[in-house]
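Q: Just the structure for this:
(one chain, ligands or ions: 2)
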Amino acid sequence: MLSKEQNELLTRIGPGTPMGQALRQVWVPALRSARLEVDGAPVRVRLFGENFVAFRDTNGKVGFLDEGCPHRGVSLALGRNEECGLRCIFHGWKINVEGQVVEIPSEPEGSNLASKVRVKHYPVREAGGLVWVWLGKGEETPQFPAFGFDKVPPENVVVRKSIVNANWVGLVEGLLDSSHVTSLHTAWLPHGEDAMTGPNAGMMGALSVNYEIHDRPYGYMANARRKMQDGSYVNRMTEYVLPFFCLIPSTVKNLHNVNIVMPIDDEHTDFWNINWDPTGPLTAAAIDKVLNLGQLSPNPDNIYEPRFEADERWGQDRELMKKDQHSVGFRALPIEDLAVTESQGAIVDRTKEHLGASDIAVIRMRRTLLDMVKVYQETGSLPMQKQPIDYPTIHPVHELLDRNGERIKFEVTI
Ligand code: FES
Ligand SMILES: [Fe+2]
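A: Ligands and ions are numbered 1, 2, ... in the order given. Prediction:
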């Protein structure tokens with residue numbers, strides 16, 4: 001449970017808010033690289049409650065600017081993208097990827113107004129098929145979250161995004177809350193004779209969870225331990241990298257993944273899921289599994305399209321629940337997460353909760369984030385940026401141990 005003030009501090013990320021300022025100090029994914037063609041249509045991007053425009057110029061360089069034209073504020077996303085600049089459709093001012101106004105056709109000859117005007121532009125880089133941007137304050141860009149997707153060819157990577165109508169904190173909580181897996185997602189876990197096979201082996205062995213939290217310089221590792229009746233254990237170790245990166249054990253062979261919870265504004269969130277195979281190109285079966293093809297939209301920029309809303313109970317199918325005792329009535333696992341998250345309300349009222357031992361990872365996450373904001377306000381830098389992070393070595397683990405602590409082997413086949 002949090003006080004009203006703590007909940008506000010944690011959740012509000014708009015311009016000028018303490019959390020918003022701290023989060024802006026991190027490289028963030030903005031949009032898929034493929035959406036920006038050379039001299040193609042600019043794209044409007046909303047992050048942290050502010051609007052921006054992204055475009056790729058004639059030389060292939062990406063520009064990321066405040067959305068409004070510096071003349072009188074018309075959206076540059078409406079502009080023409082031509083000859084190394086975006087030209088506003090209202091009076092024709094032209095701005096390059098550095099945010100410099102390079103031409104003002106409406107001003108008289110000899111005017112030097114153009115040279116005096118700039119639009120705020122932001123550092124970008126492309127990695128893992130995405131355009132990343134840094135919206136922070138200061139001279140130097142921070143370390144890039146190079147988990148490994150940045151080192152492999154495009155055919156080894158698949159990225160999916162969902163747009164969730166909820167505040168970002170609830171999504172991070174869902175990722176770190178391993179205890180819900182054995183209640184909400186039971187339809188997708190191995191049961192009966194298959195209980196000890198596959199990537200989720202042993203998860204149905206015990207419903208209750210004991211957490212062990214291990215502090216890391218970048219956040220923490222939460223090990224959700226489930227003790228089974230025969231004395232063996234399932235350890236499910238999730239890595240939390242401040243402020244919104246979560247690494248969860250993969251369910252696909254050789255696949256690494258990172259989840260990124262990217263606030264659009266206080267009540268909407270882009271939920272990115274980057275998957276990559278360092279050993280080679282992804283198979284069709286792996287892509288199918290990651291994107292939930294056949295069950296979710298093939299649009300990788302929003303897997304929930306078309307979607308059901310709250311008054312339609314997010315499409316929950318009661319017949320399915322009757323037929324399958326493990327089902328909570330949704331056709332795909334991600335929709336289960338969507339429904340529970342959005343049903344908590346856009347911004348969860350954390351003054352009314354009743355938390356228990358199974359919420360330890362969530363409680364620690366909130367505390368870690370509130371501490372992070374405090375450090376940022378006091379020192380102007382984020383605690384996890386004080387020393388370099390060895391991103392490629394951060395790996396979540398799912399392991400089975402017998403009653404003597406010996407590791408039991410299990411296969412992930414797809
Ligand atoms: S508002 Fe953009 S050129 Fe006038
Ligand atoms: Fe979930």
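Q: now the helices for this protein?
A: Applying DSSP state H to the chain gives helices spanning 4-11, 18-23, 113-116, 168-176, 181-184, 284-291, 318-323, 333-343, 360-379.
Q: can I assume Lys61 is in contact with Gly85?
A: No - proximity of Lys61 to Gly85 does not meet the contact threshold set by C-beta atoms under 8 Å, at 10.8 Å. Where you see a C-beta, it was placed from the backbone N, CA and C, and this is true even at glycine.
Q: Tell me which of the helices of the chain sits most buried.
A: Of all the helices of the chain, helix 168-176 has the most neighbours on average by mean count of other C-beta atoms under 10 Å, namely a mean of 24.
Q: Helix 360-379 and that one, what's the angle between them?
A: Relative orientation of helix 168-176 and helix 360-379, computed by axes from the mean of the first three to the mean of the last three C-alpha atoms, to 10 degrees: 130 degrees.
Q: packing partners for helix 168-176?
A: In terms of contacts (3 or more C-beta pairs under 8 Å, 6 or more residues apart in numbering; DSSP states H and E), helix 168-176 is packed against helix 4-11, strand 233-241, strand 245-247, strand 256-265, strand 268-276, helix 333-343, helix 360-379.
Q: Number of residues surrounding Ile274?
A: 26 (other C-beta atoms under 10 Å).
Q: okay, whichever residue of the stretch 201-350 of the chain sits closest to ligand 1: pLDDT?
A: Here the residue of the stretch 201-350 of the chain nearest ligand 1 is Asp265; by C-beta to the nearest ligand atom that distance is 24.2 Å. pLDDT recorded at Asp265 is 98.
Q: nearest spatial neighbour of it, skipping sequence neighbours?
A: Sequence neighbours aside, Gly49 is the residue nearest to Asp265 in space, at 4.1 Å (criterion: C-beta to C-beta, 6 or more residues apart in numbering).
Q: now do Gly280
A: Residue nearest to Gly280 in three dimensions, not counting chain neighbours: Asn156, with 6.6 Å by C-beta to C-beta, 6+ apart.
Q: Distance check, that neighbour against Leu282.
A: Relative to Leu282, Asn156 is positioned 6 Å away (criterion: C-beta to C-beta, to the nearest Å).
Q: repeat for His326
A: In this structure, His326 lies at 29 Å from Leu282, with C-beta to C-beta as the measure.
Q: So the two - more neighbours on which side?
A: Per other C-beta under 10 Å, whichever of His326 and Leu282 has more neighbours is Leu282, with 21 against 12.
Q: The more buried one touches Pro153, doesn't it?
A: No - in terms of C-beta under 8 Å, Leu282 does not count as a neighbour of Pro153; the distance is 10.5 Å.
Q: If I look at Thr413, what pLDDT would I see?
A: Each residue has a pLDDT score; the one for Thr413 is 60.
Q: Spatially nearest residue to the residue nearest in space to the middle of the chain (excluding sequence neighbours)?
A: The residue lying closest to the centre of the chain (C-alpha atoms, centre = their mean) is Ile260, at 2.0 Å. Distances taken as C-beta to C-beta, 6+ apart place Trp272 nearest to Ile260, at 4.3 Å, with adjacent residues excluded.
Q: Run through the residues that contact the one you found.
A: For Trp272, the contact set (C-beta atoms under 8 Å, 6 or more residues apart in numbering) comprises 29, 130, 159-161, 259-262.
Q: quick one: it and Phe149, what's the gap?
A: The separation that Trp272 has from Phe149, given C-beta to C-beta, amounts to 11 Å.
Q: And Ile335, by the same measure?
A: Noted for Ile335: a distance of 25 Å to Phe149, by C-beta to C-beta.
Q: Equivalent analysis for Ala195, please.
A: 32 Å.
Q: So for those two, which sits in the more crowded spot?
A: The neighbour count for Ala195 versus Phe149, taken as other C-beta under 10 Å, is higher for Phe149 (24 against 16).
Q: can you tell me how far the residue nearest to the more buried one when sequence neighbours are not counted sits from Thr279?
A: In this structure, Phe149 finds its nearest non-sequential neighbour in Gly128, 3.7 Å apart by C-beta to C-beta, 6+ apart. Taking C-beta to C-beta as the criterion, Gly128 is separated from Thr279 by 16 Å.
Q: Name the residues of stretch 271-278 that are buried.
A: Applying a neighbour-count criterion of 16 or more other C-beta atoms under 10 Å, the buried positions in stretch 271-278 are 271-277.
Q: Dump these into CSV; add distance to ligand 1 as well.
A: Formatted as CSV, the buried residues of stretch 271-278 follow (distance: C-beta to the nearest ligand atom, whole Å):
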residue, distance to ligand 1
Phe271, 34
Trp272, 32
Asn273, 37
Ile274, 36
Asn275, 40
Trp276, 41
Asp277, 45
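Q: I appreciate the help and will end here.
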